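J.: Here is my input; please provide its structure:
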Amino acid sequence: MNEKEYNERLNSLLRFSEQIVKIEDLDALLDQLLLEARRYTNSEAGSIYLVEHGKLRFAYVQNEKQTHLGSGKNRFLYNDITIPIDESSISGYAASRHEMLSIDDVYNIPDEAPYKFNTKFDEQTGYRTRNTLAVPLTTSNGALVGILQLINKGKDKNYCEEDQLYLRHFGLIASGAIDRARITRSVFTRMLQMAELRDPKETGAHVNRVGTYSIEIYQAWAEKRGVDEDEMRAFKGSFRIAAMLHDVGKVAISDKILKKPAKLTDDEFKVMQHHTTYGAGLFDQTSSLLDEMSRDVVLYHHEKWNGTGYPNGLKGDEIPLTARIVSMADVYDALISSRVYKSAWSEEDVDNFIREQSGTHFDPELVEIFFSIQDVIRAIRVKYQEAS
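T.: The predicted model follows:
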């Protein structure tokens, strides 16, 4: 690498470090980090593992060659996999030693090597991993945050010293950003837990599912319309948080109504409807895309496609896209999940209801998209199950 190329890469890292501090959601950050690392090393695929409870937990994956799977490729985002931090796996080895591990041919690892390549992903997808580079993500004080694993450098090349030099700098920036995003998520999660204490129906698993269903439905909608990839990624980063906040206004509703075990009276239901306007009031001083999106979701997610919803009786495209998506995601999850006051509906019954409400409660196009990504929806349900 000559001096000009080195300076260009250094400047790109500086621009990248300024860009990622604006990302508010942890998953959106991981998505952007992995994308940038792949772009700079010309890698087909990659994954990120984060350290949790002394193990590596699978957190994110990208694979641009899995186009034959369509939207179904996203189901692998929700695999719940943990790896011990020891020398038995490629990522575990890099994590335990705090050093990069580059392998030119994962199917021909020497017998004397302590680590093995797990072929399960290749077998499930028909993808063929050739080479890989596992990069420890460590903070400036040496604490391990996770592992970035890149796969299949383009043009049949192997990862080189220049890649590793770049990724050492990249890893420091990424680690700090992940730490900040985790703190932000922790604060955000506590706020949702406060709402959960008020309303036993709004569990942490429920809001995670609604948020994740929503961004997957949006992505399928955006891909259908040819929305620019960078625009789509930026939108999803805010939308997940906004969707999770959909019922935050219930903190202003009295316990007498909120925790009533029986059906609400007409007067009580009218009071309950105010949770949309109470919640939207939290975002009146809109100063960011997240604030605007949260206000739309909170205020309008009980509107209906035919105009019979509340609070304003909006109809069709008058209802913001974000609210139309969250409306369907919320109803779907409420019906298919068991609660203290109801049993879970069967998948068949819920699917029939969603179809019946197409053009009445729900946007018909979104209903069609919802059923086109059922394998992803099921994977999300499995990952974010209710605590037993």
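
J.: who's in contact with Ile257?
T.: For Ile257, the contact set (CB atoms under 8 Å, 6 or more residues apart in numbering) comprises 264, 268, 271-272. To be clear about C-beta, it is placed using only N, CA and C from the backbone, and glycine gets the same treatment.

J.: what's the answer for Ala94, then?
T.: Ala94 sits next to 100-101, 134-136, 147 when contact means CB under 8 Å, 6+ apart.

J.: and Ala134, what element?
T.: Here Ala134 is covered by strand 132-138, with elements defined by DSSP states H and E.

J.: Give me the helices and strands touching the next helix or strand after that strand, please.
T.: Sequence-wise, the next helix or strand downstream of strand 132-138 (DSSP H and E) is strand 144-153. Where contact means 3 or more CB pairs under 8 Å, 6 or more residues apart in numbering; DSSP states H and E, strand 144-153 is packed against helix 26-41, strand 43-52, strand 55-63, helix 90-97, strand 132-138, helix 161-198.

J.: Now Gln273. Nearest residue, chain neighbours left out?
T.: Leaving aside its sequence neighbours, Gln273 sits nearest to Tyr310 (CB to CB, 6 or more residues apart in numbering; 5.0 Å).

J.: what about that neighbour, how many residues close to it?
T.: Using other CB atoms under 10 Å, Tyr310 has 17 neighbouring residues.

J.: and what of Pro110?
T.: Neighbour tally, Pro110, other CB under 10 Å: 6.

J.: before we move on, the earlier item: just the buried ones from the contacts of Ile257, in ChimeraX syntax?
T.: Buried members of the contacts of Ile257, defined by 16 or more other CB atoms under 10 Å, are picked up in ChimeraX with:
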select :268,272
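
J.: which two in the contacts of Ile257 are spaced the farthest apart?
T.: Farthest pair in these (CB to CB) is Leu264 and Val271. Separation: 8.4 Å.

J.: Gly146 and Ile178 touch, don't they?
T.: Yes - counting by CB atoms under 8 Å, Ile178 is a contact partner of Gly146 at 6.8 Å.

J.: The two: who's more crowded?
T.: Between Gly146 and Ile178, Gly146 has the larger neighbour count (other CB under 10 Å), namely 26 against 23.

J.: List the contacts of that one.
T.: Applying CB under 8 Å, 6+ apart to Gly146 gives the contacts 48-51, 56, 59, 95, 137, 175, 178.

J.: beta partners for it?
T.: Beta-bridge partners recorded for Gly146 (DSSP bridges): Leu50, Leu137.

J.: Distance check, it against Ile380.
T.: According to CB to CB, to the nearest Å, Gly146 stands 22 Å off from Ile380.

J.: what sits against the residue nearest to Gln273?
T.: Residues in contact with Tyr310 (CB under 8 Å, 6+ apart) are 273, 276, 302-303.

J.: so which of those residues comes closest to Phe117?
T.: Ranked by distance to Phe117 (CB to CB), the contacts of Tyr310 are led by His302 at 49.7 Å.

J.: Can you mark which positions in the host helix or strand of Ile377 are buried?
T.: Assigned by DSSP H and E, Ile377 falls within helix 374-383. Using 16+ other CB under 10 Å as the burial criterion, the residues of helix 374-383 that qualify are 376-377, 379-381, 383.

J.: Next: stretch 86-97.
T.: 87, 89-96.

J.: Tell me the one of these nearest Glu112?
T.: For the buried residues of stretch 86-97, the nearest to Glu112 is Glu87 (12.1 Å; CB to CB).

J.: ok so the closest one is a strand residue?
T.: No - counting by DSSP: H, G, I helix; E, B strand; the rest coil, Glu87 is not part of a strand but coil.

J.: Would you agree it is in contact with Glu99?
T.: No - here Glu87 does not reach Glu99: they are 11.5 Å apart, not a contact under CB under 8 Å.

J.: Let me know how buried Arg185 is, in neighbour terms.
T.: For Arg185, using other CB under 10 Å, the count is 16.

J.: Let me see the domain layout of the chain.
T.: 3-182, 190-383 (automatic domain parsing).

J.: ok, and the closest non-adjacent residue to Glu368?
T.: Computed as CB to CB, 6+ apart, the closest residue to Glu368 that is not its neighbour in sequence is Ser358, at 7.9 Å.

J.: got the angle between the strand holding Ala134 and strand 144-153?
T.: Orientation check (axes from the mean of the first three to the mean of the last three CA atoms, to 10 degrees): strand 132-138 against strand 144-153 gives 160 degrees.

J.: any idea of the angle strand 132-138 forms with helix 90-97?
T.: Interaxial angle of strand 132-138 relative to helix 90-97 (the same axes, to 10 degrees): 40 degrees.

J.: which other residues reach strand 132-138?
T.: Residues from elsewhere that reach strand 132-138 (CB under 8 Å, 6+ apart): 37, 41, 43, 48, 90-91, 93-95, 98-103, 106, 144-153, 159, 163-164, 167, 170-172, 174-175, 178.

J.: Stretch 166-182 now?
T.: Here stretch 166-182 makes contact (CB under 8 Å, 6+ apart) with 9-10, 13, 16-17, 20-21, 23-26, 29-30, 33, 36-37, 40-41, 50, 100, 133, 135-140, 143, 145-146, 148.
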